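Undergrad: Sequence below, structure please.
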Amino acid sequence: MPFTSLVKPRLAEVITSRGLQNARRGMHDLGRRARGARHEVHYFHDASDPYCALTAQVLPAFEARYDIVLRPHLISGPPVEAVPDPKAHRENAYKDATRLAQKLNLDAPKADGVTSEINARLVAHLGEPDFAQHLKAISAAQWAGRDLPVGSESDPTAAIRAGDQALRVKGHYLGGTFYYGGEWYWGVDRLHYLEDRLQSAGLGKGPFLTPTPEPVFGSQAASKTVEFFFSFRSPYSYLAFDRVQHLAEQCNAELILRPVLPMLMRGLPVPKAKSRYILQDCTREARRLGIPFGLICDPLGSGVERGYALFDYAEAEGRMAAFCSAFMRSVWSEGVDAASDKGLSHIVKAAGLNWTTARDELKSQTWRRRVEQNQNRLQDLGLWGVPSFHVEGQSIWGQDRLWAVADLLRR
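TA: Numbers count the residues shown, from 1 in each chain. This is a model prediction of the structure:
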């Protein structure tokens with residue numbers, strides 16, 4: 001086994017450990033106390049982002065509940081390299097934010113006002129102590145298609161430039177994000193993690209403003225199917241894989257597995273800030289879900305290709321799902337090097353397959369056609385990332401949207 005395959009999993013284990021997380025938090029708090037500063041939470045608002053329509057609704061209550069200083073920033077939107085297909089990203093965000101709003105009893109975005117006018121209104125209140133209240137009112141009017149509240153306007157150019165710079169320096173790329181003490185929390189989906197941290201620090205208490213929706217099982221879906229798009233290199237796919245299998249079983253639905261190539265192997269960019277956030281977010285999501293995670297051996301490249309070459313064999317043996325599950329569990333939580341014969345044989349055996357037979361299949365290229373068809377299907381559905389699902393004519397993106405899959409199956 002190459003030296004890097006031995007070292008990198010242990011390094012990843014340290015990076016994702018609670019010990020290092022606690023140490024980093026301690027250092028940030030030590031620096032804050034040394035400066036004599038209050039607890040600061042930075043919030044980055046993109047007036048064109050449907051998800052920000054949701055965060056704007058809870059921001060005043062969040063600020064009132066916790067003993068913090070809220071530092072709002074206006075930004076221009078994600079960089080081009082972070083959004084491979086801006087049009088599809090926009091359409092998906094609008095649909096998803098609408099679905100999430102209904103689930104969390106928030107007002108869903110129904111219309112989109114002129115962003116330049118919105119920012120001109122917002123920047124006039126940016127330094128005021130009641131900015132969150134102004135943001136909520138202005139955003140509500142914007143996304144409902146109503147006239148904006150009467151108020152002054154200012155040129156937002158300098159403020160947006162400063163917000164974009166602050167976002168880059170602190171290490172993120174999206175709006176609707178909160179930054180506190182070295183860690184990021186994206187949107188209302190992850191606000192409960194920030195609330196938990198603030199409550200643990202004695203800065204406030206009460207039920208979380210946006211609790212995490214959970215899937216509700218049912219048995220009404222005997223004739224329904226779930227298309228599941230995933231890749232071996234996606235940690236979010238790993239977090240979703242066994243859970244969506246369980247969901248389909250509980251709902252008596254057919255699960256169609258559609259593996260695709262990782263984004264980097266499809267020529268799609270993945271900025272470093274995005275990679276860092278994904279690792280941080282997957283770590284805390286895995287802990288919440290009780291899924292082993294952190295001893296990682298990245299299968300990008302030959303590891304993925306060798307695994308995909310065994311699809312036909314695993315499927316012929318009726319072990320396709322077992323093989324995919326074993327592969328992702330091995331590389332994301334056990335540090336197994338899928339690019340080596342030793343590592344891949346471990347995965348094959350864990351899936352209940354025969355390594356001698358599997359080894360003869362490693363030169364197969366038939367998987368490429370399967371994957372290409374799945375990628376075309378994914379693109380036709382207006383998506384590009386994984387894990388994604390298609391059920392009842394609707395496309396859903398994200399391991400944290402299994403509740404939406406369950407709702408459609410039960411409908």
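Undergrad: Surely Met320 is in contact with Ile256?
TA: No. If you go by C-beta atoms under 8 Å, Met320 and Ile256 don't touch, sitting 10.6 Å apart. Just so you know, the C-beta spots here come from the backbone N, C-alpha and C atoms, and that holds for glycine as well.
Undergrad: These two: who's more crowded?
TA: Met320 (18 against 13; other C-beta atoms under 10 Å).
Undergrad: Who are the contact partners of that one?
TA: By C-beta atoms under 8 Å, 6 or more residues apart in numbering, Met320 lies in contact with 257, 311, 314.
Undergrad: Show the subsequent helix or strand relative to the helix or strand harbouring Arg329.
TA: In the assignment (DSSP states H and E), Arg329 maps to helix 320-333. Next helix or strand after helix 320-333 toward the C-terminus (DSSP H and E): helix 341-350.
Undergrad: chain center to that next one, what's the gap?
TA: 29 Å (C-alpha atoms, centre = their mean, to the nearest Å).
Undergrad: Could you tell me the angle between that helix and helix 320-333?
TA: Here helix 341-350 points in a direction 130 degrees away from that of helix 320-333 (axes from the mean of the first three to the mean of the last three C-alpha atoms, to 10 degrees).
Undergrad: Show me what the helix or strand following helix 341-350 is packed up against.
TA: Next helix or strand after helix 341-350 toward the C-terminus (DSSP H and E): helix 355-359. With contacts taken as 3 or more C-beta pairs under 8 Å, 6 or more residues apart in numbering; DSSP states H and E, helix 355-359 sits against helix 341-350.
Undergrad: so who does the residue located most distally from the centre of the chain touch?
TA: No residue in the chain sits farther from the centre than Thr356, which is 37.8 Å out by C-alpha atoms, centre = their mean. Taking C-beta under 8 Å, 6+ apart as the definition of contact, Thr356 has no neighbours.
Undergrad: How about Leu194?
TA: Neighbour list for Leu194: 41, 178, 180, 185 [criterion: C-beta under 8 Å, 6+ apart].
Undergrad: What does the pLDDT read for the third one?
TA: Pointing back at Tyr180 there. With respect to pLDDT, Tyr180 scores 98.
Undergrad: Spatially nearest residue to it (excluding sequence neighbours)?
TA: Setting aside the residues directly before and after it, Tyr180 is nearest to Val41 in space (C-beta to C-beta, 6 or more residues apart in numbering), at 4.7 Å.
Undergrad: which residues does the one you found contact?
TA: Going by C-beta under 8 Å, 6+ apart, Val41 touches 66, 68-71, 178-180, 194.
Undergrad: now, which of these lie within helices?
TA: If you go by DSSP state H, the contacts of Val41 have Leu194 in helices.
Undergrad: Spell out the residue ranges of the strands in the stretch 201-350 of the chain.
TA: Secondary structure of the stretch 201-350 of the chain (DSSP state E, counting those that start in this stretch): strands located at 225-230, 254-259.
Undergrad: List the pairing partners of the last one within its sheet, with orientation.
TA: Yep, that's strand 254-259 we're talking about. strand 225-230 (parallel) (DSSP bridges).
Undergrad: Quick check: buried residues in the strand it pairs with?
TA: 226-230 (16 or more other C-beta atoms under 10 Å).
Undergrad: for Gln394, what are its contacts?
TA: When contacts are counted by C-beta under 8 Å, 6+ apart, Gln394 touches Leu408.
Undergrad: who does it bridge with?
TA: The residues that Gln394 bridges to, once DSSP bridges is applied, are Val391.
Undergrad: Distance to Pro292 for the contacts of Leu194 - can I get that in CSV?
TA: Formatted as CSV, the contacts of Leu194 follow (distance: C-beta to C-beta, whole Å):
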residue, distance to Pro292
Val41, 31
Phe178, 28
Tyr180, 27
Tyr185, 23
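Undergrad: For ChimeraX, write a command that selects the buried ones of these.
TA: The following ChimeraX line selects those of the contacts of Leu194 that are buried, judged by 16+ other C-beta under 10 Å:
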select :41,178,180,185
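Undergrad: ok, so of the contacts of Leu194, who is nearest Gly385?
TA: When the contacts of Leu194 are ranked by distance to Gly385 (C-beta to C-beta), Tyr185 comes first, at 19.8 Å.
Undergrad: From what I see, the closest one and Leu198 are in contact.
TA: No. Judged on C-beta under 8 Å, Tyr185 makes no contact with Leu198 at a distance of 10.6 Å.
Undergrad: Only the buried residues of the helix or strand of the chain with the lowest mean pLDDT, if you could.
TA: Lowest by mean pLDDT, DSSP states H and E among the helices and strands of the chain is helix 3-15, with a mean of 82. Of the residues in helix 3-15, 5, 8-9, 12-13 count as buried by neighbour count, 16+ other C-beta under 10 Å.
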